[in-house]
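> build me a model from this:
(one chain, ligands or ions: 1)
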Amino acid sequence: VKASGTATVTMAETSTKEQLRAMFDRQKRAFRSAPMPSREERIQNLQRLKTVLLDNQDAIIDAISEDFAGRSRDETLLGELMPIAQDINYTCKKLKKWMKPSKRHVGQHLQPAKAVVNYQPLGVVGIMVPWNYPVQLAVLPMVGALAAGNRVMVKMSEFTPKTAELFAKLMEDHFSEELISVVTGEVDVATEFSKLPFDHLLFTGSTQVGRIVMRAAAENLTPVTLELGGKSPAIISDDVDLTEAVERICFGKSFNAGQTCVAPDYILCPRSKQDAFIETYRKVFNTMYPKLNNNADYTSIVNERMHQRLQSLVTEAKEAGAGVHVIGESDINDGSRRMPLHIITDASDDLRVMQEEIFGPVMPVIPYDNLNEALDYVNDRPRPLALYLFSHEQDCQRRVLEQTHSGGVCVNETLLHVAVDDMPFGGVGPSGMGHYHGHEGFLTFSKAKGTLSKGKFNAAKFMYPPYGGALGKM
Ligand code: NAD
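Residues are numbered from 1 along each chain as shown. Coordinates of the predicted model:
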């Protein structure tokens, strides 16, 4: 661990655990000496965070692009830097209101007294980051945690080492290690990190690792927010214009090459429209991405392992007799891992493509004959992080909204519910627990401390023994 606070820890250094613990203790001590940062201080930290990241946007774009062997520059602007700037602006604007103690009603039997809920910082917050939006998913939780007056320790993903190194350096250069420490390193470091007795731990990643992290946190009774994944469906209703629906699905599925936690995973399509859906998709995709080789707008798959995993999902489906419709150039020879979209039809339920979160440009289409069948399909499976409905009919919208459970929903859109600063973001069941973004982020990282205050006059003496049966009946 560097003295200035940014840690690059490997297990070769046998004392990783002690180093992480020492860093945690330094933050904890600093918190104790200044447990209630003023609103001005918090805003100053948030504004500095925004300035540092925006001033270094070219370096961030380059680092992420290097980690992905080709991440679209515009996608890094839209998917990392814009949400950060928006969220910080919104948070700074609202912070006064959020920090204001909330007066509560005091019942007659407790009068005279005042009841107030104060939003108190928790202390040291741990944040664990995946690789797919490595800066956004480090910074947005930090915004909530810092706005609520906490200190943060951040563990970056081992799959985006260039970004992790740059982010660690930027934080080290502009913040004290007692406020923000960034930890890089492999899974063994992540394991030790998750065992620290944080006052709150926010983990973003897979459902499988989420289970492990929650178990580690349970040892310390550390509360967790788990931002996980899952298979997010897009339901196309009979009443909707296909081009309109496909354009919005194609945007959401191809952004970051489908490596997005809320990307549409599979499509539920009226049986009579399945062929037209695929043809429309081909047109729309080819308009958005006239070529894939050397197309700077189309992001590459993050690493060889993920690329092979996606290829193997397709191969398995093909060998089992499913239809595979390749959309976009299939012959990629530009040195990247760009992958065309593969629409899968007639896939049996036991295939991995139907069971696992896809997280890339592969998309099963499942035909249905009536809406109830589509709703049953969704409800028979684990609750997803997002659900997308394409319909302009109010009755259809109401039925889908009332009869399905998911972390969030877009009606006639994909992905963009995540970009609404004033809405909670989080999963349900296996797609996650707890929320952040905007006010919910502030609340997640605060202790809502109820405080009852009395003056000299004591009217509560009727509660003191000896009772002598004076209370009678309720
Ligand atoms: P991952 O679960 O493999 O890794 C996430 C983090 O956990 C990394 O920092 C990693 O170092 C750490 N980690 C890995 N193994 C660990 C272990 N055994 N103990 C402790 N920590 C460990 O996820 P990923 O591959 O980086 O990201 C993809 C997944 O993340 C997908 O499932 C996706 O849906 C999900 N995701 C969710 C959201 C959301 O906001 N809900 C956002 C992005 C990604």
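> rest of the way, CA atoms for contacts and neighbours
OK.
> what distance do you get for the residue of the stretch 1-150 of the chain found nearest the ligand to Ala164?
Going by CA to the nearest ligand atom, the ligand is nearest to Pro130 of the stretch 1-150 of the chain, at 3.3 Å. If you measure Pro130 against Ala164 using CA to CA, to the nearest Å, the figure is 11 Å.
> what secondary structure does Ala115 sit in?
Per DSSP: H, G, I helix; E, B strand; the rest coil, the local secondary structure of Ala115 is strand.
> just to check, it is in contact with Ser453?
Yes: at 6.4 Å, Ala115 counts as touching Ser453 under the criterion of CA atoms under 8 Å.
> what's Lys28 in contact with, if anything?
Counting by CA atoms under 8 Å, 6 or more residues apart in numbering, Lys28 makes contact with Gly123, Val124.
> ok, back up a step: comparing Ala115 and Ser453, which residue is more hemmed in?
When Ala115 and Ser453 are compared on other CA atoms under 10 Å, the one with more neighbours turns out to be Ala115, at 17 against 10.
> just grab the bridge partners of the more buried one for me.
Partner residues in beta bridges with Ala115: Arg104, Leu452, with DSSP bridges as the criterion.
> how about the contacts made by it?
Taking CA under 8 Å, 6+ apart as the criterion, Ala115 is in contact with Lys103, Arg104, His105, Val106, Gly450, Thr451, Leu452, Ser453.
> how much space separates the fifth one from Gly472?
What that stands for is Gly450. From Gly450 across to Gly472, the span is 30 Å (CA to CA).
> so between these two, which is more surrounded?
In this view Gly450 and Gly472 are compared by other CA under 10 Å, and Gly450 has more residues nearby, 15 against 7.
> next, the more buried one: secondary structure please.
Under three-state DSSP, Gly450 comes out as strand.
> per-residue confidence at it?
Predicted confidence (pLDDT) for Gly450: 98.
> got it, and Thr8?
In this prediction, Thr8 carries a pLDDT score of 56.
> quick one: least confident helix or strand in this structure?
strand 7-8 (a mean of 56; mean pLDDT, DSSP states H and E).
> what comes up buried for the helix or strand following that one?
Read in the C-terminal direction, the helix or strand following strand 7-8 is helix 16-33, with elements assigned using DSSP states H and E. Going by neighbour count (16 or more other CA atoms under 10 Å), the buried part of helix 16-33 is 16-17, 19-21, 23-28, 30-31.
> could you do stretch 340-354 as well?
In terms of neighbour count (16+ other CA under 10 Å), stretch 340-354 has its buried residues at Pro340, Leu341, His342, Ile343, Ile344, Thr345, Ala347, Arg352, Val353, Met354.
> residues from this protein in reach of the ligand?
Contact residues of the chain with respect to the ligand, defined by CA under 6 Å from any ligand atom, are listed as 128-131, 155-158, 187, 190-191, 194, 204-206, 209, 212-213, 227-230, 261.
> buried subset of those residues as a ChimeraX selection?
Applied in ChimeraX, the following selects the buried portion of the residues of the chain next to the ligand according to 16+ other CA under 10 Å:
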select :128,129,130,131,155,156,157,158,190,194,204,205,206,213,227,228,229,230,261
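> wait, isn't Lys162 in contact with Ala63?
Yes: assessed by CA under 8 Å, Lys162 is found in contact with Ala63 at 5.3 Å.
> tell me where the stretch 301-450 of the chain has helices.
Counting by DSSP state H, counting those that start in this stretch, one finds helices in the stretch 301-450 of the chain at the ranges 304-319, 352-355, 371-379, 394-403, 438-444.
> I'd like these as JSON lines, with mean pLDDT appended.
Converted to JSON lines, the helices of the stretch 301-450 of the chain look like this (pLDDT from 0 to 100):
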{"stretch": "helix 304-319", "mean pLDDT": "98"}
{"stretch": "helix 352-355", "mean pLDDT": "98"}
{"stretch": "helix 371-379", "mean pLDDT": "98"}
{"stretch": "helix 394-403", "mean pLDDT": "98"}
{"stretch": "helix 438-444", "mean pLDDT": "98"}
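> please identify the most buried of those helices.
Among the helices of the stretch 301-450 of the chain, judged by mean count of other CA atoms under 10 Å, the one packed with the most neighbours on average is helix 438-444 (a mean of 23).
> which helices and strands sit right next to that helix?
Using 3 or more CA pairs under 8 Å, 6 or more residues apart in numbering; DSSP states H and E as the contact criterion, the secondary-structure elements in contact with helix 438-444 are helix 82-99, helix 136-147.
> show residues contacting the first one.
Think helix 82-99. When contacts are defined by CA under 8 Å, 6+ apart, helix 82-99 is touched by residues 39, 43, 46-47, 50, 118-119, 136, 139-140, 143, 147-148, 419, 421, 437-439, 442.
> over to Leu228: give its phi and psi.
Backbone geometry at Leu228, expressed as degrees, to the nearest 10, gives phi -110, psi -160.
> just the one 4 residues further on next, same as before
Ser232 adopts backbone torsions of phi -90, psi 120, taken as degrees, to the nearest 10.
> which parts of the stretch 351-474 of the chain are strands?
Defined through DSSP state E, counting those that start in this stretch, the strands belonging to the stretch 351-474 of the chain, from first to last, are 362-368, 386-390, 408-411, 432-433, 446-453.
> can I get those in JSON lines including distance to Leu170?
Output for these, formatted as JSON lines (distance: least, CA to CA, whole Å):
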{"stretch": "strand 362-368", "distance to Leu170": "36"}
{"stretch": "strand 386-390", "distance to Leu170": "33"}
{"stretch": "strand 408-411", "distance to Leu170": "33"}
{"stretch": "strand 432-433", "distance to Leu170": "30"}
{"stretch": "strand 446-453", "distance to Leu170": "26"}
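> winner for burial among those strands?
strand 386-390 (a mean of 27).
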